[in-house]
Structures are given as structure tokens and as C-alpha cells.
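Asker: For reference, the sequence and a predicted model appear below.
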4 protein chains.
Amino acid sequence: MHTIDLKNKGFRTDLVVDEINRQKQDKVVSKIIRKEKNITLEEVKINKDVASSWKKKEGIYETITFEDITDKNNFKEVEKIGIEALKRVLQEINFQSGMKILVIGLGNASSTPDALGPKTLDHVLVTRHLFFLGEVEEGYQNVASFKPSVTGVTGIETKDLIEAIKDKIKPDLLIVIDALASSSINRLNKTIQITTAGISPGSGIGNNRLEISKDTLNIPVIAIGVPTVVDGATIVQNTLELLLKKISYQLSNQDNEKLKLVPIQNQDYKDQKDILTKDQKEDILGMVGLLNEEELKSLLLEVLLPVNYNMMVTPKEIDYLIDKLSILLGNIINKSLHTNFNPTN
Amino acid sequence: MHTIDLKNKGFRTDLVVDEINRQKQDKVVSKIIRKEKNITLEEVKINKDVASSWKKKEGIYETITFEDITDKNNFKEVEKIGIEALKRVLQEINFQSGMKILVIGLGNASSTPDALGPKTLDHVLVTRHLFFLGEVEEGYQNVASFKPSVTGVTGIETKDLIEAIKDKIKPDLLIVIDALASSSINRLNKTIQITTAGISPGSGIGNNRLEISKDTLNIPVIAIGVPTVVDGATIVQNTLELLLKKISYQLSNQDNEKLKLVPIQNQDYKDQKDILTKDQKEDILGMVGLLNEEELKSLLLEVLLPVNYNMMVTPKEIDYLIDKLSILLGNIINKSLHTNFNPTN
Amino acid sequence: MHTIDLKNKGFRTDLVVDEINRQKQDKVVSKIIRKEKNITLEEVKINKDVASSWKKKEGIYETITFEDITDKNNFKEVEKIGIEALKRVLQEINFQSGMKILVIGLGNASSTPDALGPKTLDHVLVTRHLFFLGEVEEGYQNVASFKPSVTGVTGIETKDLIEAIKDKIKPDLLIVIDALASSSINRLNKTIQITTAGISPGSGIGNNRLEISKDTLNIPVIAIGVPTVVDGATIVQNTLELLLKKISYQLSNQDNEKLKLVPIQNQDYKDQKDILTKDQKEDILGMVGLLNEEELKSLLLEVLLPVNYNMMVTPKEIDYLIDKLSILLGNIINKSLHTNFNPTN
Amino acid sequence: MHTIDLKNKGFRTDLVVDEINRQKQDKVVSKIIRKEKNITLEEVKINKDVASSWKKKEGIYETITFEDITDKNNFKEVEKIGIEALKRVLQEINFQSGMKILVIGLGNASSTPDALGPKTLDHVLVTRHLFFLGEVEEGYQNVASFKPSVTGVTGIETKDLIEAIKDKIKPDLLIVIDALASSSINRLNKTIQITTAGISPGSGIGNNRLEISKDTLNIPVIAIGVPTVVDGATIVQNTLELLLKKISYQLSNQDNEKLKLVPIQNQDYKDQKDILTKDQKEDILGMVGLLNEEELKSLLLEVLLPVNYNMMVTPKEIDYLIDKLSILLGNIINKSLHTNFNPTN
């Protein structure tokens, strides 16, 4: 008998079941385009019907997941697959040679984990001014770039800045790069998402007024995002899930003599299927063990938010990671756009 | 009846009870020196007898805790109390005017959360070369500075570099500044520790060979540290503790009509006493709820480490925080050492 | 008898006499507003009649000249007089509390001598977004900021970017900060010019199409400039003039017994009047000695330009100077605009 | 008749004729090792006999001169010849695989034109710590690195810091990188000198006490220097020489009908032989035209120094140049030392 009922202690538990996974099965087209060693490219198309119920915007989403881009060979592989992904998205919006492109690096250049957008622009080849001079060789596109910084620095809404410049120079396509918040620790700095669905800078708030998208700007927008920060609640949630996975792993393998010889540091239960019964989960984690994903997230936020403990954090190696990621995204953009791009020096 | 016994599932549970808190009561001299608004200065003296059993080194420890130094007035208050703390430590080592001081900024200047040491040096007044020229006014001490960077960058052990320079210029006192790992999220970037007990760069490993201390260098060492990173296990542990505190808080106040009117965002249960029974904890968090602090930490590490998920993280505002903290520490050092220091411009 | 005639060797010598100094006497209002120790504030008003013949744009020009702002006290004095100058210009354009201001930092943040504009913005208080939130105290103006970077980086004309944003957020006043080329080595990093006459980024070319001014943007523009670079021809010209001044100084003082005791390093002939005859100048510097200012400049450019030797250069301490100057300009702007500005921390 | 005699107006004119060029002819071995397009590698050996009279230290000097390393292909060519030069010097000091190397980046990382040393180290592969771990593949040398900063920042003599670390880690070879002052504007950022003769940081003063060399440190020292700053007197001197060259060029070609068609911007008189008579020089530049190189330099310094106008300057593109040069030197060092170095990413 429980002496305390979490559900009646003021914690929100009436959350809908995970609509996303349910809907995925019937209406969303998701396919693995490529899977090589530790690198995967997955494509999802969300059409109008699904978009509203799924709370995701209509469009094509290419998601590249990878392990470690500080390794040289891995870096090259991810770059190759990233180019493939961006080209798929360019095709989706009917990109034609000769279109004028404005590449925008969102975020605050002075805040390392938020600097991915501006830092990527430092590696993007800009040619628009050379076209005016007639100095551009065959095989190069017309590219301009813009760093809108953030409202806290400029006093101006990012979307207003972008709209103003779009109206002035009239590009045919926007490519927008931003650092995102991650929904899980294993995606942090290990995922690139390229989509036609647009982006809302500085938020998952979904405030349409500030959204950078075809809907709000009337030209195609390709958004390229990498999750570089994660909140405390997500770290806790991921860890508790991992605890259950580890126990599942050990139960599954308790009669496996061979596995007993695997050193603990080599045991990989990240993708272990949950085999625990409801009772087992309750034994291990009490009422917390009985909450579904959304309920648990909600509970954690209610614990952390009132005392300001739900920090957004980033790995301590973030300076190095942003350096590598910005070079990677710069290469992906340059090599996807310019057929003759020759990236020496 | 439990269907799973955590203690027999390969998790280490044989940890000693928390010696630190127990010993604190009988042998360690701890006193609150100052407590103003949100700022506290606490002094602990650990003598030889206690040091070995407590796994802490002998010495005096001044700990300043504070809330927010991005607020101007708060910054000044923390600076004032920081100067008081450093002066207490200087007195402890019998600092005399005329002693030669070498200030060392440990850490990697290219990695934001690790850059506190080198960045602080940018704000420390250096005078040693002016003494050779006879250009120093009354009221200023002889100060040199050194940034040893990190072994991964130089190929040289930090302690070897410091020892080499110490032997060459023969200072009477080392002041060493470093960024630390935090043992709790509420200390992150909100605590300054000043101690005579030395420091082991890049670790809590306790590898004596690399320790920067009076024991290893034969001159007094004052270490100034600020925790700027925290690991995932600590975030999870702190959050689960906070869950129990929040429930304790709600149980304690369930008959308090006035409190029912306090908006949730104003409820402060950070320092709530735990009033839950063993059964209540088990109801809420299962077997995990029954683990003591060290057992829980150990369990979390065993879940996170084998899959490399125990990231060291830092708040996303770290660039701004390191800027402020390095100015703060620079001011504390300058104003504690030089009686005539006039920090304009 | 001369065997070579410079004037017929392809060097342009048909330059008009120095119109500026001549016209100054009759039609241009120039007055010294303040002169303290090494700091001078001079005001020049150029009206329509004069503007065209003088090749300077109509408007008020406040020029602060100073010696060394790395000295703390000097820094404060220059700041004080800079505020006075900016306030005079604000009055000239009938600045009223409540006007919306857009401050623009021209130049390339990645090129130290060109980074004055963007770096100054890092010290300018931005409030526009706070006005939307209703969070601004009495005594503060509505200020937004924008760094257009340079065309070589963005592919977009600076003036187009500024015009786009002006049209979008509709400020009542632009304040534009830029690094300038110096017309003499003794003004380099030692002069601030504040004017209503606008500015042409990246040039003295006078290409009106790219000019940032009231004429081109239809709202008042205050331009704040500091010369941070100088070309080789100017260095040579200044040095040859200085040679003649030094000889004038020595001739003037050859019977002055007291002066003979002045150590050479204390002799100050920077402002020495030229007392040399035409023959004496020819003796010293040959035909070159007979050229007037514009002719000499023209000759030097014809020597240096064809072989790409007329480098734009900057003092080697430029990083430190730009740091100080950007803080100085930030303070001058903040304290001139906001009556309650309290620049702590 | 001259009314003024420069030589009797207090200017030093009794300087010895240019010993360097004279001696070069008889005792110094100078040879062009390689000359490709705009890139030259010249080798000079100065032996004991010559060293004292030449005021240059004994040793081998490899000098690479080039035009523009912002061009990709040129960059690669200079790198290739730089590797050849460094390997010649390594051979001269009998470098053997297995020797321990300490690479030192002299200069102030916060001052762009002085940051070449520290910035180069950011591109030098450091392996010493990996040797301790046994993690180094075949074909890699044992390399440590150190940035001593400058005395004005640390309060410690650079040579003392280097000596202290040398004594501690006992390398077999020092490689020291520094930014130099240039003796002519056409060498500025366009010359790399590699020598066994050592270096005196922060000066051409020749203060032996602070010299970094085999004489002072008792192990082989290879110094790699690039001139990144030049003083005003040198700019003036070079320009006046260029004026005489241009006139020589025009006189030589005045009957050359073909040359008359060469546009002025394509005329290259940088290497024009001086064909002017003494009288012609006097006509053009008066007494100044009659001074030899050292006399002219001396005169200019006497004009500029007392009024602090002999600024050390650097081209305004210095940030970009230092970035490129530091990558170049890093590549040269890595590829010369490690036979298996594979510089991807």
C-alpha cells in the first residue's frame, strides 16, 4: 500500500500518450536513407494532415546522427552524408543553379554553445558581391551571408532583421543555421537536422510571430540545426531510463555465460529493449518507475523549475566541438551548392 | 516483496557511510564567518588528525557561497567578502609585505569552462619586472604570473612547469587559480574556495605526484577554486534529492492554508528538511529511494560510465560567467595584496 | 642648374593650392571649444556655399584631439570632452528625449584596426527590446544596435543593409561608428571626429551611392570616427615636413644658449613654424623640398602605388588601442544619451 | 652654394659604409638554393671570423622570400620550400630521430603582430606526453611546446622562463618562433628566416643576457622568424630609394618606345639599378640625396625619435596574415620533423 500518491500531490500526470510514436506508424513516411558504421541518415516527410496533430511543421526532415567528429575519418564520412542530405532537401525545394541564396547564422557569437550559426558563416563561401563584379567562375552559386546576432544584443527581433534584408536583396532561398536544445543526451552535438520546415530562433516555444519559415517569409527556407545544449530534466530522465535498460540487460543476460566475461566498461545497453514488468519497475524506482516518458518529464520540470535548477547545459568540450561542427557545416553547404568548390587552404 | 534486489545486481552498495558529515561534528572546526543576504563565508580548519580519515588535506578552507554575480551590487558584495577570505588565508600563512608572489592560472585558455585560471591572470596586476626597474610605489607587492596551460597542449606536466619556474624565480608564495568540478548543481559558478591545502590540476584523482601544494613544492600555496563544471550523475542525484524535498515540503505544509496561496514558482524547498519515512521514500523512488548519498552516486556512475553518458557539463551562459568570475577573482587578489591598489579603468 | 626636372618627368604637379586652409579663413566657422592640457575640442561648421568648393560635406564637425588614452586620468578627461562634443552634435540635430536611436558599428570585427565600430557596440547599452517589455526606467533612451560587417564578408553592400534595417525599425536617428584612414601620423588613434555630415564606409572615395548620410537615408546621421590606419605616403610626407621643422627649430634656436642644454629627446619641434627660405629647402631636399603639400603627396603616391608599396598600416599596439578606444566611445555614447546611465561594473 | 650643411647640423653622418655588402663579397658564403617564380631560398653561412665584424652571430641562415601567401598555390609552394629550408638547418645541427624537441612561441598572444609565435604553436603537433603513455606511432618525434608570453605580462624574463623549463625537461633541441622587425617594407610578412644563430626576443638590441641561443642555453637552438612590423624611418628610407629608382627607370627607358606604352601601374622599378649621378641625386633630393643608406637611416631616426614619431607599424590586414603565416609555420615544422605526419582536418 502506498502512503503517498504522486498523482495527487500536485504533479501533472494527465498528459496524452506519446502521440508522436503512435502517428509515426500510420501516416508519417520515415525511412533510413543510409546507415554506415556509426552514421545514419534518416528522412521523414510530414504532410499537412499529420502536421497539426503531430505538433511538427509540414516538410521534409533529414536527420544525420553520428558518434564522434573529432576523429578525422569520421568527420569526412559525416560530411559526405551531410552533403547527400542537403542535396536531397535542395531537390525537394526545386533548387536551380542561378538562384540567389542568403545564408543566415542565428545565435550569439559571444556565447560558445550558441555560436554555431555565426561560426559556420566564417566557413561559408560568399560570392554575391563578386557576381556584381562579373568575377565568378562556372560552377559557383550566388551566395550572401548575414549574422543577425540575438535580440538581447541588438534590441531588434531576429525575424525583423532577416525580413528586412530579404526584402532588400531578394534572395530565392534562405539557408538558416542554428544551435538547438536537445531532447536527449545522446543526440547532443551528435545530430544534424536539415529541414524545409523552418525554425524559431531561441526557442521551441513555437511562437509563430518570430518563426523563420516559408510561411512567414514567402521564400523557401532550409534550416540546419545541431543540438548543442540540453536541460537538467532531460539528463535525469535519460539516466533513469538507462538504469532500467541496464537492469533489463543484466536480467536478459543473466544466464549468458559468455556475457559474464564482458568487462563492465564494454557492456552496451543503450539500445537494450525494456523487458521489465510493471512490478519490477515499481520495485526499482517506485511510483517514478510507473510514469511514462511525458509524465516523468513533467514531474522533473515541476521539481526543478520553481527553484531555478533546470539549467541548460553543454559539454565542457564545447569550444572544440563548435569549432569542428562549424567547419563541418561550412563544408557541407559549400560542397552542396558549388559544383566546382575546391576547399583547399 | 521485491522481485529485484538492486544490491545483488552488480551495483556497488558497500560504501562507507558519509564520513565527512559525521566527522564534521566532532573534530573539524567549521564556522560561519559572515552571512549577508545571499552571501556566506564559511571557514573550516582541518588538522593532521582529521585529514587522513576525512580524505581531505590539512589546511584552512574559506568558502564563499553566493547567488548571482551578474548583478552589480551582488558582485561588489562578493568581492568584499572574497577579499576578507583571502586576507584570512594570507594571515594563516603569515604573509608579510615584501614577500615575492607567483600567481598561476591553471587550465586551458581555449576551453571556456576551463579558462578561469588564465582569464583571471589577465586581470591580475603584475609588478615583478617593475621592481627590477625600481619603478614601484609604496603599497604594492612583488607579483609575477604564469599560465602553464594543460599537458594535452604543452606535452609537459603542469606541476613540472610550475616547479621549474618556482626554482628559477624563487617566490615566497604561490597563488594558484583553477576551475573545479562541482559536487552539486547549486554550487556551480556560485562558490569560491580559498585554501592552504593545495590543488591537483585537472582532477579529483588525488594523484600526489601532480599535486600543487606546500608538500610538493616546499613553499606556501594558496589555491583559489571555483566549480564551473558538474557531471551528469550529480545532476541526477541532486534532482532526486530535490524531488524528496519537494514532497517533504508539500507534506509539511499541507495544512498550511497560507502556503497554499504561494504560487508554485515561489515555493522554495531547496533547504527543506527531509521528513519522509523509509516507507514513503520507497513508495516514491523504490529501492533507489533507500540508497544513501554515496550509494546513489555510485549506482548512477555504474549506469552512466560504461556507455560514456556521464558528461561533464557547464551552463550555457558559461562565457559570460567566466568573464565576470575572472574579473572578480582578479579584483580580490589585487585588492588583498596591494594596499594602494586603485582599480580604475 | 638642374639636370632633371621633376615636374616634367611624368609627375602630376598641377594640383590646386591647398583650398582648405585658404577657405578656412573667410567662410568656414572654426572655433576652439575647449583646450585642456593635451586635449582640444575644435568645432567647424561647413555650410552649403563652402561645402562644394571645399570638397567636404555640409554639417557640423566636432574634433577632439588628445595624446594618450592609455593613461587613466587622460582617458577620463577625453571621455568628458567627448561627451560635451557629442551633446553639441545632438543639439545641432535637435535631439529630443524619446527619439529612437540605431547605433551602427561599421567595419570588420575580425580585422583589428577595422574593428573599432563593432567593438564599440559591445560597450553600447541597448534598450529597444526592453521598451517593448515596458522594463525601462526614466532617463534612458530607446537604443538598438547593428553590426553590418563588410561587403567582402557578407556579399551585401553596407548601405543596403543599413537602409533595409532603417526602413524596418524606423529609427529617428542613426549613430554610425567607423575606423578611418588618417591624413597625418600625429592624429593616428589620437583624434575623434563627430559630425552630422555622414560617412562613406571603407573609403575616402566619396562614392555617393554608398554614403551613409541624411542625404541618402533621410534621417539624421551622426558619424563618429577615429583614424586607426595611415598610408605609407603620409608617413613619408609627415617625416619630410618634420625634417624641415627640425632644421627650422635648430636655426631659430642656434643662438639660444639655454636651449643648447635641452637634451635632444626633449626638443619638441612638432609645432615649429617653418622659417626656411626656398633656397634652403632646395638645399636640404632638392626639388622635393620645393613641392607644396599636395604636390608632394601626389609625387609619393606615384612612386609607391605602381609597385604596391603604399601600404595602409597601423601601430603595432593596435589591439590594446582598439580595446581602449571602443570602451571610450561606448562610454561617450551611453553617457550622452542616457541621463541616468550609471556605468558600474 | 649651400646655405645649410646637413652634416654640421647635429646629424650623425660618420657612419661606416655598409659593411655587410662589402664583406658579403669576400668571406660570407651566400648561395641561392632555390628560385621558383616569386619564391627564393637563400642560404648564408657566417663563420667565427666574420661574425664579429659583421655584427651578426655565427651560424647558418636560410631565408625564404615570397610574394603572397593568401594565394592557395603560392602557400603550398612556400610551405614546400620552407620544409626544405628547415631540413637543411636540422641537418646542420645533426638532428637525429629520437631527439627531444621543445618548440617555443615567443611574443604576446594578445597583440596581433606579435602573436605569430603563440599562434604557430596552436598548429604544432605536440607528442611528448603521448611518448610517456607509449602511444606514439613510428615516424613521429618527441615534441613539447611552451608559450613564455612577454615580460610585461608575466613579470619574468623570457629567457629565464625558457631556461627553467629547458633545465626541467632537458630537450635536445629548441625551436623558437618569433615575429621580427623588418629592415625593409618589401620583406614585411614576406620573408621567413630560419637560423642556428639564436634570437633575442623583443629586440634587435643584442642584449646577450636575454639571448635565446646555443651560447646561452647550451643546446642547439633553431630560430624561425618572420618580420611583421616595420618602423617609420624604414618606410621613409625605402620610399626615397624608390623615388630614385623610379627616376632611374624612366631615364633608362626614355628612348624605349615600347616601354612608353606600358601603363604606369605595370611599371616595375623595384629592382631598377641606380643610374643617377651624384649631381642628379642632389637635384632631386638635395643633401638628403647624397647620404648613404646608414646616414639616411640615422638622419631619419634623429628627426623622428625625439618627438616619438618613429612608430612601429604593421599592415592593416595583419590579423589575416598572422593566421596564414602561423598555419604555414606550423605545417613547415610538423612536416619537417615527423616523417609520417598526415595533416588532414
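Answerer: Here it is on my side, so go on. Numbers count the residues shown, from 1 in each chain, chains lettered A, B, ... in the order given.
Asker: All the helices of the stretch 101-250 of chain A, in order from the start?
Answerer: A:116-121, A:128-133, A:151-154, A:158-169, A:214-217, A:232-252 (DSSP state H, counting those that start in this stretch).
Asker: deepest of the ones you listed, which one?
Answerer: helix A:116-121 (a mean of 26; mean count of other CB atoms under 10 Å in any protein chain shown). (Glycine included, C-beta is placed from N, CA and C.)
Asker: Going by neighbour count, which residues of stretch A:314-324 are buried?
Answerer: Across stretch A:314-324, burial judged by 16 or more other CB atoms under 10 Å in any protein chain shown covers A:314-319, A:321-322, A:324.
Asker: mind putting these in a markdown table, distance to chain D, secondary structure and pLDDT included?
Answerer: Putting these into a markdown table (distance: CB to the nearest CB, whole Å; DSSP: H, G, I helix; E, B strand; the rest coil; pLDDT from 0 to 100) gives the following:
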| residue | distance to chain D | secondary structure | pLDDT |
| --- | --- | --- | --- |
| A:314 | 22 | strand | 96 |
| A:315 | 20 | strand | 96 |
| A:316 | 20 | coil | 95 |
| A:317 | 16 | coil | 95 |
| A:318 | 18 | helix | 96 |
| A:319 | 13 | helix | 97 |
| A:321 | 14 | helix | 96 |
| A:322 | 15 | helix | 97 |
| A:324 | 8 | helix | 97 |
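Asker: residues near the closest residue to chain D within the stretch 1-150 of chain A, how many?
Answerer: Going by CB to the nearest CB, chain D is nearest to residue A:72 of the stretch 1-150 of chain A, at 4.5 Å. Residues contacting residue A:72 under the criterion other CB atoms under 10 Å in any protein chain shown number 12.
Asker: One more: residue A:103?
Answerer: So residue A:103, with other CB under 10 Å, has 28 neighbours.
Asker: Show me the strands in the stretch 1-150 of chain A, by range?
Answerer: A:29-36, A:39-46, A:59-65, A:100-105, A:142-146 (DSSP state E, counting those that start in this stretch).
Asker: between the helices of the stretch 101-250 of chain A, which gets nearest to residue B:140?
Answerer: Ranking those by proximity to residue B:140 (CB to CB) places helix A:151-154 first, at 38.2 Å.
Asker: can you tell if the closest one touches chain C?
Answerer: Yes - interface with chain C: helix A:151-154 contributes A:151-154 (CB under 8 Å from any CB of the partner chain).
Asker: before we move on, which element is residue A:300 in?
Answerer: For residue A:300, the element it lies in under DSSP states H and E is helix A:293-304.
Asker: Does anything pack onto that helix? Which helices or strands?
Answerer: Counting contacts by 3 or more CB pairs under 8 Å, 6 or more residues apart in numbering or on different chains; DSSP states H and E, helix A:293-304 is packed against helix A:232-252, helix B:232-252.
Asker: Including distance to residue B:271, could those helices go into JSON lines?
Answerer: Converted to JSON lines, these look like this (distance: least, CB to CB, whole Å):
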{"stretch": "helix A:232-252", "distance to residue B:271": "19"}
{"stretch": "helix B:232-252", "distance to residue B:271": "8"}
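Asker: Of the ones you listed, which is nearest chain D?
Answerer: helix B:232-252 (26.7 Å).
Asker: near chain A at all, the closest one?
Answerer: Yes - Helix B:232-252 reaches chain A (CB under 8 Å from any CB) through B:232-233, B:235-236, B:238-240, B:242-243, B:246-247, B:250-251.
Asker: could you give the angle of the helix holding residue A:300 to helix B:232-252?
Answerer: Put simply, helix A:293-304 runs at 70 degrees to helix B:232-252, going by axes from the mean of the first three to the mean of the last three CA atoms, to 10 degrees.
Asker: Please state the mean pLDDT value computed over helix A:293-304.
Answerer: For helix A:293-304, the mean pLDDT works out to 93.
Asker: Can I get that helix as CSV, trimmed to CA atoms?
Answerer: Included here for helix A:293-304 are C-alpha records, laid out as CSV according to Å, rounded to 0.1, in the frame of the first residue of the first chain:
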residue,chain,number,x,y,z
GLU,A,293,8.0,9.5,-20.7
GLU,A,294,5.9,12.6,-20.8
GLU,A,295,4.7,12.2,-17.2
LEU,A,296,8.3,11.8,-16.0
LYS,A,297,9.5,14.8,-17.9
SER,A,298,6.6,16.8,-16.5
LEU,A,299,7.4,15.7,-12.9
LEU,A,300,11.0,16.6,-13.2
LEU,A,301,10.3,20.0,-14.6
GLU,A,302,7.9,20.6,-11.7
VAL,A,303,10.7,19.7,-9.3
LEU,A,304,13.4,21.7,-11.0
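Asker: Chain C contacts on chain A?
Answerer: Counting by CB under 8 Å from any CB, chain A sits next to chain C at A:126-130, A:143-147, A:149, A:151-157, A:160-161, A:163-165, A:167-169.
Asker: The same query, at a cut-off of 7 Å, please.
Answerer: Proximity of chain A to chain C, by CB under 7 Å from any CB of the partner chain, involves residues A:126-129, A:143-146, A:151-156, A:160-161, A:163-165, A:167-169.
Asker: Which residues are in contact with the residue lying closest to residue A:70 once chain neighbours are set aside?
Answerer: Take residue A:70 and drop its neighbours on the chain: the residue closest to it by CB to CB, 6 or more residues apart in numbering or on different chains is residue A:324, 6.1 Å away. Taking CB atoms under 7 Å, 6 or more residues apart in numbering or on different chains as the criterion, residue A:324 is in contact with A:69-70, A:75.
Asker: Among those residues, the buried ones, what's the PyMOL command?
Answerer: A single PyMOL command selects the buried members of those (16+ other CB under 10 Å):
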select buried, chain A and resi 69+75
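Asker: show me the contacts for residue A:158.
Answerer: A:106, A:148, A:150-151, A:201, A:210.
Asker: One more: residue A:232?
Answerer: A:304, A:309-311, B:235, B:239.
Asker: Residue D:296 versus the residue nearest to it when sequence neighbours are not counted, what's the distance?
Answerer: Excluding the flanking residues, the one nearest residue A:232 by CB to CB, 6+ apart is residue A:310, at 4.9 Å. According to CB to CB, to the nearest Å, residue A:310 stands 71 Å off from residue D:296.
Asker: Same question for residue A:64.
Answerer: Shown here: residue A:64 relative to residue D:296, a distance of 64 Å by CB to CB.
Asker: Of these two, which one has the most company?
Answerer: Per other CB under 10 Å, whichever of residue A:64 and residue D:296 has more neighbours is residue A:64, with 24 against 21.
Asker: which ones are touching that one?
Answerer: Applying CB under 7 Å, 6+ apart, the residues near residue A:64 are A:39, A:41, A:78, A:81-82, A:85, A:191-192.
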